[in-house]
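1. Need the 3D shape of this:
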Amino acid sequence: MESWILRPYRMARDQSQFYRFITSGFLHADWGHLIFNMIAFYSFGGLVLGVLCNGTGAPGIDGFGGTGGIWRFLLLYLGGIVVSDIPTYFRHRDDREYGSLGASGGVASVLFAGVIFAPLNKIYLMFIPIGIPGFIFGFLYLIYSYYQGRRRGDNINHDAHFYGALYGVALTLVFMPASGLEFIRQISLFLQVNN
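-> Presented below is the predicted three-dimensional model:
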């Protein structure tokens, strides 16, 4: 655990420890943390992988084939783990005690790619039987993560959630610019029907 956890203080003083950007994503604080992340990953991973590989689940969007889609999916997930921790590194590089772990940045990247591909799909939170359209959930998630990241009131790296989500949106739009137009079209239709 100690040799893989993200420790910005140590990393800033020994760049050979930059491997922690990726290894920390394979550690979790406890079973609840791991299970929560993997349920979220499983819930959106199939949709995102299907779209990236063959366009399944996203009208008007072509995929990249099996190998091309899988490589892009890995870049989305693993890149999300790394990129989401870069702001954490800079924020805490002088804090001797700070440590962070978990795959939340990568999971948030995949989750938000799923929201771009299917913004009207309902997202259900644990123990709440009412689904929220993905684009509304995404907006609320970003606000909450940003606020909590500034507040620093708990032991959760909310910055990883926030920056992982932004990375997921940005990379998805780089891979598939048409998905942004389809996202806007679906939300516009939703708003017209519900006004």
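2. pLDDT of the helix ranked longest in the chain, averaged?
-> With secondary structure taken from DSSP state H, the chain has its longest helix at helix 65-92. The average pLDDT within helix 65-92 is 96.
3. Likewise for stretch 19-29?
-> So the average pLDDT for stretch 19-29 ends up being 95.
4. And stretch 172-186, by the same measure?
-> 94.
5. change the start of the numbering to 703 and stick with it
-> In the new numbering, first residue 703, that becomes stretch 874-888.
6. buried sites along that stretch?
-> Applying a neighbour-count criterion of 16 or more other CB atoms under 10 Å, one finds 874, 875, 877, 878, 881, 884, 885, 888 buried in stretch 874-888. Just so you know, the C-beta spots here come from the backbone N, C-alpha and C atoms, and that holds for glycine as well.
7. Flag every buried residue along stretch 712-719.
-> For stretch 712-719, by 16+ other CB under 10 Å, it's 713, 719.
8. Name the residues that touch it?
-> Residues outside stretch 712-719 that contact it (CB atoms under 8 Å, 6 or more residues apart in numbering): 709, 720, 722, 723, 791, 795, 796.
9. contacting residues around stretch 793-809?
-> Residues contacting stretch 793-809 (CB under 8 Å, 6+ apart): 703, 706-711, 713-714, 726-731, 735, 739, 742-743, 778-787, 790, 859, 861-863, 865-866, 869.
10. can you give me how far that stretch is from the chain middle?
-> The chain centre lies 15 Å from the centre of stretch 793-809; the measure is CA atoms, centre = their mean, to the nearest Å.
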